[in-house]
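[1] Sequence and computational prediction follow.
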Amino acid sequence: MPFDRLARGEVGRPYADPVSDHPTLLLICGLPGAGKTTLARELAARRGAVRLSPDEWLSDLELSLFDEPLRDRLEKRLIGLTEELLRHGQSVILEFGFWSRTERETLRDRAHTLGARAELWVLELPQDELWERIERRNNSPEWHAEPITREHLKLWWTLFERPTDQERRLFDEADGIMTL
């Protein structure tokens with residue numbers, strides 16, 4: 001009975017991340033095809049975290065993944081939701097790609113301000129392997145979004161600011177870094 005659980009203090013208690021007593025923000029960093037969604041789903045199940053992916057939201061709503069103003073608004077809203085969840089003691093996984101150091105630093109600092117931990121999970125693969133994975137995804141019957149082209153990947157490769165060792169040390173969890 002829900003009221004019995006409430007009386008015992010079992011309802012409304014913040015979720016305890018099995019890795020830490022504090023809520024944790026997990027940033028999944030990498031280019032398309034690197035395995036961000038697979039990793040984020042695995043971490044969500046293992047850590048009991050809420051996973052937020054703008055690509056999935058846009059795709060589910062049948063909106064363009066390439067509509068940058070819309071993506072920016074959605075990401076801002078998801079970041080607001082993330083902060084609310086962290087304040088309530090819930091760990092959150094953001095699967096945004098996090099191509100810029102400034103974006104990663106801003107969210108790490110916001111998490112720390114809220115009393116949460118921040119982990120950076122980095123997935124890096126050679127460009128040719130990324131392209132092979134993207135091609136398979138583009139041709140998959142489950143992929144309903146616009147295809148990603150090789151030209152997209154080449155451009156994004158140049159825009160991606162790979163985390164340095166110095167930046168990685170600023171996060172709470174060094175084990176959360178993975179280079180494939």
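    Here it is on my side, so go on. Residues are numbered from 1 along each chain as shown.

[2] So Phe96: helix, strand or coil?
    Secondary structure for Phe96, judged by DSSP: H, G, I helix; E, B strand; the rest coil, is strand.

[3] just checking, it touches Glu75?
    Yes - counting by C-beta atoms under 8 Å, Glu75 is a contact partner of Phe96 at 6.2 Å. The C-beta positions use only the backbone N, C-alpha and C, and glycine is treated the same way.

[4] Quick one: end-to-end distance for stretch 94-108.
    12 Å (C-alpha to C-alpha, to the nearest Å).

[5] Just the buried positions in that stretch, please.
    Within stretch 94-108, the residues scored as buried using 16 or more other C-beta atoms under 10 Å are 94-98, 103-104, 107-108.

[6] same question, stretch 38-50
    So for stretch 38-50, counting by 16+ other C-beta under 10 Å, buried means 39-40, 43-44, 47, 49-50.

[7] Identify those among the residues you listed that sit within helices.
    Under the assignment DSSP state H, the buried residues of stretch 38-50 contribute 39-40, 43-44, 47 to helices.

[8] May I see the buried residues of stretch 38-50 arranged in JSON lines, with pLDDT and distance to Thr24 as well?
    JSON lines is the format used below for those (pLDDT from 0 to 100; distance: C-beta to C-beta, whole Å):
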{"residue": "Leu39", "pLDDT": "95", "distance to Thr24": "15"}
{"residue": "Ala40", "pLDDT": "95", "distance to Thr24": "13"}
{"residue": "Leu43", "pLDDT": "95", "distance to Thr24": "10"}
{"residue": "Ala44", "pLDDT": "96", "distance to Thr24": "12"}
{"residue": "Arg47", "pLDDT": "93", "distance to Thr24": "7"}
{"residue": "Ala49", "pLDDT": "96", "distance to Thr24": "7"}
{"residue": "Val50", "pLDDT": "97", "distance to Thr24": "11"}
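
[9] Surely Pro23 is in contact with Gly89?
    Yes - between Pro23 and Gly89 there is a contact under C-beta under 8 Å: 5.1 Å.
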